[in-house]
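S.K.: Provided below for reference: sequence and predicted model.
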Amino acid sequence: MDVNVLQIEDKTKTASEQVIGAIGDGHKWQWEENRNALLSEFARDKIDHTLAILAEQFEHKWDKKSVKAMPKELKSQLGELTKLSKEQLLFSSPASSSHPALLAIWWPWGHGATVSLRLLILESSYRAPEPFENKDSFFTIIKKLFS
């Protein structure tokens with residue numbers, strides 16, 4: 001194995017320690033070299049617990065609809081991964097002074113009994129999106145124009 005690949009694997013494991021620790025020992029993790037990601041494949045009985053942990057550990061959750069509001073720099077970095085199907089999810093956190101930007105890829109298998117979860121470090125960080133609820137809706141803007 002290439003020294004650079006080992007460095008990426010070590011950095012990913014270090015950056016993911018908190019998430020993996022919170023998920024617990026019920027998941028087995030392996031390194032997926034072609035994606036530079038930690039991979040866990042698990043059964044349906046772990047879905048609710050794992051999703052709850054991911055929602056706690058990551059700042060942003062992206063689904064098929066919300067991915068449209070994803071920051072451009074993140075969307076361009078993820079490329080084809082942003083073309084989500086109904087059950088697929090992405091969780092992300094921008095970099096901070098203590099950790100790099102991190103991504104979790106939630107990929108249920110077609111039959112629905114198994115899920116693949118990948119954790120990886122993003123190549124570059126992104127600016128967090130503004131909270132959507134703080135923006136006026138289209139109708140509120142129109143009402144303000146005429147009041």
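M.R.: That came through fine. This structure is a prediction, so every number in the text was calculated from the model and none was measured. Numbering: from 1, shown residues only.
S.K.: tell me the centre residue of the protein?
M.R.: Taking C-alpha atoms, centre = their mean as the criterion, Phe91 is the residue nearest the geometric centre of the chain, at 2.2 Å.
S.K.: just checking, that one is part of a helix?
M.R.: No: secondary structure of Phe91, determined by DSSP: H, G, I helix; E, B strand; the rest coil: strand, with no helix assignment.
S.K.: before we move on, what SS does Leu103 have?
M.R.: strand.
S.K.: Verify the stated contact: it with Ala95.
M.R.: No: using C-beta atoms under 8 Å, Leu103 is not in contact with Ala95; the gap is 11.4 Å. Placement of C-beta: from N, CA and C, glycine included.
S.K.: Name the residue in these two with the higher neighbour count.
M.R.: Under the neighbour definition other C-beta atoms under 10 Å, Leu103 and Ala95 were set side by side, and Leu103 has more, 21 against 15.
S.K.: what is the more buried one paired to in the beta sheet?
M.R.: Beta-bridge partners for Leu103, by DSSP bridges, are Ser92, Leu120.
S.K.: same deal with Ala37?
M.R.: Glu32.
S.K.: what's the neighbour count on it?
M.R.: Neighbour count for Ala37, taken as other C-beta under 10 Å: 23.
S.K.: pretty sure it contacts Leu117?
M.R.: No: counting by C-beta under 8 Å, Ala37 does not reach Leu117; the two are 9.4 Å apart.
S.K.: Need the residues touching each of Leu103 and Ala95.
M.R.: Common neighbours of Leu103 and Ala95, using C-beta atoms under 8 Å, 6 or more residues apart in numbering, are Leu122.
S.K.: Common neighbours of Ala37 and Leu117, please.
M.R.: Counting by C-beta under 8 Å, 6+ apart, the shared contacts of Ala37 and Leu117 are Ile105.
S.K.: Give me the residues contacting stretch 98-109.
M.R.: Defining contact as C-beta under 8 Å, 6+ apart, one finds that stretch 98-109 is touched by 11, 15-16, 19, 37, 51, 54, 58, 78, 81, 87-95, 114-122, 124-126.
S.K.: surely the residue nearest to the centre of the chain meets Ala52?
M.R.: No: here Phe91 does not reach Ala52: they are 11.7 Å apart, not a contact under C-beta under 8 Å.
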